[in-house]
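> what's the 3D shape of this:
(chains A and B)
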2 protein chains.
Amino acid sequence: MSNLNNRQWLFVKRPIGPVDESCFRRVEVGMPEIGVGQIILQNLYFSFDASMRTWMNEGPNYLEPVVLGQPMRSVTLAKIIKSRHPDFPVGEIVMGMNSWEDYSVSSGEGFCQLLPNIPDIPLSYFLGALGPTGYTAYFGMIDIGRPKTGEAVLVSGAAGAVGSIAGQIAKLYGCFVVGLAGSKEKCEWLVDECGYDLAINYKECDDLDGKLAGVFPNGIDIFFDNVGGATLDSALANIGNNARIISCGAISGYDAGENPSVPIKNHWMLLIREAKMQGFLVSSYMHRAVEAAEYLGTHISNGDIIFREHIEEGFDSAPSVLKMLYAGKNTGKLILKL
Amino acid sequence: MSNLNNRQWLFVKRPIGPVDESCFRRVEVGMPEIGVGQIILQNLYFSFDASMRTWMNEGPNYLEPVVLGQPMRSVTLAKIIKSRHPDFPVGEIVMGMNSWEDYSVSSGEGFCQLLPNIPDIPLSYFLGALGPTGYTAYFGMIDIGRPKTGEAVLVSGAAGAVGSIAGQIAKLYGCFVVGLAGSKEKCEWLVDECGYDLAINYKECDDLDGKLAGVFPNGIDIFFDNVGGATLDSALANIGNNARIISCGAISGYDAGENPSVPIKNHWMLLIREAKMQGFLVSSYMHRAVEAAEYLGTHISNGDIIFREHIEEGFDSAPSVLKMLYAGKNTGKLILKL
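I've put the predicted structure just below:
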């Protein structure tokens, strides 16, 4: 009999409403084996990202839903401990999408990549500022937002890992940048540390439409949207001519079930302002990962972009750490160190 | 005393719900006078366009609302009968935005243009296929849609003046083109005369989401949207990767009051399909009017694009002709000949 030394968290119940620990069951299985062209990865860090809640629903998505009875998954950093693949030598670290388990098998395809060679960066940053989080902020803001000096930018979920970087990139382009966040502490951090021009605590704002109208008298040029729903409607009500809305996430609806989008009513503004709303997936940009990593690495090294991590520890905590993410209890990019 | 030989239709009541004749009052006023740099236009044809209903609301729009007590307005064709402007000689015809009246004053700015020099085209076509209607179809489909051979295209309001041309342009680019229209006759015309691959009578379709899923197994690449609301939601539910939604109109909500957009709930699909929804206004493209007119003129002359007009007569009919437009009673581009 094999040793059951590979811990797993199985996904055993589709949540209705918020996800909690009852959706997962911990088991122990044997070590995986590999064939030609495969590698065995020892998972070191799990990334926790808002989109994970949507993978638990059965509705249409950019990834297949997580299968009931199979392990949950995360973006991870993992060490190659066994290799039958010439491009992935033992000892190297890869970033990829793996199951919630100690040891995963990969063929090195798709999202799986060796880390870019950026000096003086803590390893965990390759899940965050120099991983999919930072790349999402970078490609969304640069490729869809196309910021120009003097333009007015709004970021929702601004104190989140993606949002905080997106706004700082817009600042580097000379934009006026305003963030929406859900606490006084987050708002202060955005202005004092991240260099946002202004941050609005949406939980203490009764009339966001009116507030944004005052802050953006000439309209919003770029809206980096991580939230959707009512926030998106308030932004739409205040977009300027030729505005670009970057549809990055819609966390306000992720607990709602199959269709994560909370209805909106102000999309008429797209027409009369000749504006666009465009979705994107960072997975489509991974061939340009080095470009993003070099940009972000340079600006993090010289202090132009700051990045905050929130690292929890221990494989057994994975379900409770996920729950923490949606409660907004983390302060910075949420990572679990195994 | 001046002769009261300039008839006008004043806008006297903002409609709540559908517009009808009670929103207008006919008066007769004196001939206008002009200063240096101005021209007097004799209006020959009024264009009737779906967007006119939105000008009667007070909410945000791309044009100022029509002022109560002032004349209603249309895009018109008009003859220059007096000129103190060197670029606009007496006897020439211009297309522009004028009041519902016999004689208008213009400074020749903004939307006002001499007709492009396209041979063998009936005059009224310069309000339709070779006017703002055709230009809207052309720039929306070409600049935002960017059709490629083999792509799958859906057009709503397909039997309307803009929609029918938009679909025919997509056919010329080698696309698979499906139209949505509101009667059997309109659907037959789209397939038999306009060359659409398929037309769906949405009034006889209980499950448009499911119907579109069957017709577009690989998703919709381009959706040219004249309708908005539930139709837009059904299209969103079926968009393909990197789809382009051209937000041209939202007639389903034009009677609803200040905000013409009927709520939508499937905009999540933009994100997961990396798609965009983009609004545009033909007025922003008028500097390229000749490009559009030459393209459309050529294809109309050689029969590649067909165009149907519905011409009513008599100044006094203007309010009832407008009502006819929203009842969908016209068959082709609706024009009033004065």
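> Next SSE downstream of the worst-scoring helix or strand of chain A on mean pLDDT?
In chain A, no helix or strand scores lower on mean pLDDT, DSSP states H and E than strand A:113-114, which sits at a mean of 90. Using DSSP states H and E, the helix or strand that follows strand A:113-114 in sequence is helix A:132-139.
> and residue A:249, helix, strand or coil?
coil (DSSP: H, G, I helix; E, B strand; the rest coil).
> thought it was touching residue A:54?
No: using Cβ atoms under 8 Å, residue A:249 is not in contact with residue A:54, being 9.0 Å away. C-beta: built from backbone N, CA, C; applies to glycine.
> more neighbours, those two?
Neighbours per residue (other Cβ atoms under 10 Å in any protein chain shown) separate residue A:249 from residue A:54, with residue A:249 holding more: 27 against 24.
> ok, the more buried one - contacts?
A:50, A:51, A:157, A:162, A:225, A:226, A:227, A:228, B:271 (Cβ atoms under 8 Å, 6 or more residues apart in numbering or on different chains).
> Give me the phi and psi angles of the fifth one.
In this entry, residue A:225 is assigned phi and psi values of phi -100, psi 110 (degrees, to the nearest 10).
> Point out where chain A drops to low pLDDT.
A:1-2 (pLDDT under 70).
> all helices for it, in order.
Using DSSP state H, the helices found in chain A span residues A:52-55, A:132-139, A:161-172, A:184-192, A:208-215, A:229-236, A:268-272, A:289-301, A:318-326.
> quick one, phi psi at the residue of the stretch 1-150 of chain A at minimum distance from chain B?
Taking Cβ to the nearest Cβ as the measure, the stretch 1-150 of chain A has residue A:62 as its residue closest to chain B, at 4.3 Å. Dihedral pair for residue A:62: phi -80, psi -10, per degrees, to the nearest 10.
> partners of the least confident helix or strand of chain A in the sheet?
strand A:93-99 (antiparallel) (DSSP bridges).
> who touches the residue lying closest to residue A:116 once chain neighbours are set aside in this structure?
Sequence neighbours aside, residue A:293 is the residue nearest to residue A:116 in space, at 4.0 Å (criterion: Cβ to Cβ, 6 or more residues apart in numbering or on different chains). Shown in contact with residue A:293 (Cβ under 8 Å, 6+ apart): A:116, A:118, A:130, A:134, A:135.
> residue contacts, the fourth one?
Which is residue A:134. A:128, A:165, A:292, A:293, A:296, A:307.
> again, only using 6 Å
The contact partners of residue A:134, by Cβ atoms under 6 Å, 6 or more residues apart in numbering or on different chains, come to A:165, A:296.
> The last one now?
The neighbourhood of residue A:135, defined by Cβ under 6 Å, 6+ apart, consists of A:282, A:292.
> what are the pairing partners of whichever strand in chain A runs longest, and which direction each?
Criterion DSSP state E: the longest strand present in chain A is strand A:73-83. Paired with strand A:73-83 in the same sheet, following DSSP bridges, are strand A:39-47 (antiparallel), strand A:93-99 (antiparallel).
> which of the ones you listed sits most buried?
strand A:39-47 (a mean of 23; mean count of other Cβ atoms under 10 Å in any protein chain shown).
> Quick check: residues of chain A near chain B?
A:61-62, A:247, A:250, A:260-261, A:263, A:265, A:267-268, A:270-272, A:274-281 (Cβ under 6 Å from any Cβ of the partner chain).
> and if we set it to 7 Å?
A:60-62, A:247, A:250, A:259-261, A:263-281, A:284 (Cβ under 7 Å from any Cβ of the partner chain).
> got the helices of chain A as a markdown table, with distance to residue B:123 columns?
Listed next are the helices of chain A as a markdown table, based on distance: least, Cβ to Cβ, whole Å:
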| stretch | distance to residue B:123 |
| --- | --- |
| helix A:52-55 | 56 |
| helix A:132-139 | 50 |
| helix A:161-172 | 51 |
| helix A:184-192 | 60 |
| helix A:208-215 | 45 |
| helix A:229-236 | 41 |
| helix A:268-272 | 30 |
| helix A:289-301 | 55 |
| helix A:318-326 | 63 |
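> how about those helices, which one is nearest residue A:88?
helix A:289-301 (15.9 Å; Cβ to Cβ).
> thinking again about what came up before, mind checking the helices of chain A for the one nearest to residue B:203?
Once those are compared by Cβ to Cβ, helix A:268-272 is nearest, at 23.8 Å.
> Output the contacting helices and strands for that closest one.
The contact analysis (3 or more Cβ pairs under 7 Å, 6 or more residues apart in numbering or on different chains; DSSP states H and E) places helix A:268-272 against strand B:276-279.
> when you scan the strand it packs on, is anything in it near chain A?
Yes: for strand B:276-279, a contact with chain A is found by Cβ under 7 Å from any Cβ, at B:276, B:277, B:278, B:279.
> How far does that strand sit from its chain's centre?
18 Å (Cα atoms, centre = their mean, to the nearest Å).
> Please save the CA atoms from that strand in CSV.
Provided in CSV are the C-alpha atoms of strand B:276-279 (Å, rounded to 0.1, in the frame of the first residue of the first chain):
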residue,chain,number,x,y,z
LYS,B,276,-16.6,44.3,-25.7
MET,B,277,-19.7,46.4,-25.9
GLN,B,278,-19.2,49.8,-27.5
GLY,B,279,-21.4,52.7,-28.2
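> Of the residues of chain A next to chain B, just the buried ones, ChimeraX syntax please.
Of the residues of chain A next to chain B, the buried ones can be selected in ChimeraX as follows, counting by 16 or more other Cβ atoms under 10 Å in any protein chain shown:
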select /A:60,61,62,247,250,259,260,261,263,264,265,266,267,268,269,270,271,272,273,274,275,276,277,278,279,280,281
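> The residue of the stretch 1-150 of chain A closest to chain B against residue A:281, yeah?
Yes: the criterion here is Cβ atoms under 7 Å, and residue A:62 meets it with residue A:281 at 5.3 Å.
> In CSV, list the contacts of residue A:249 along with distance to residue A:109.
Putting these into CSV (distance: Cβ to Cβ, whole Å) gives the following:
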residue, distance to residue A:109
A:50, 25
A:51, 21
A:157, 31
A:162, 25
A:225, 31
A:226, 29
A:227, 32
A:228, 31
B:271, 24
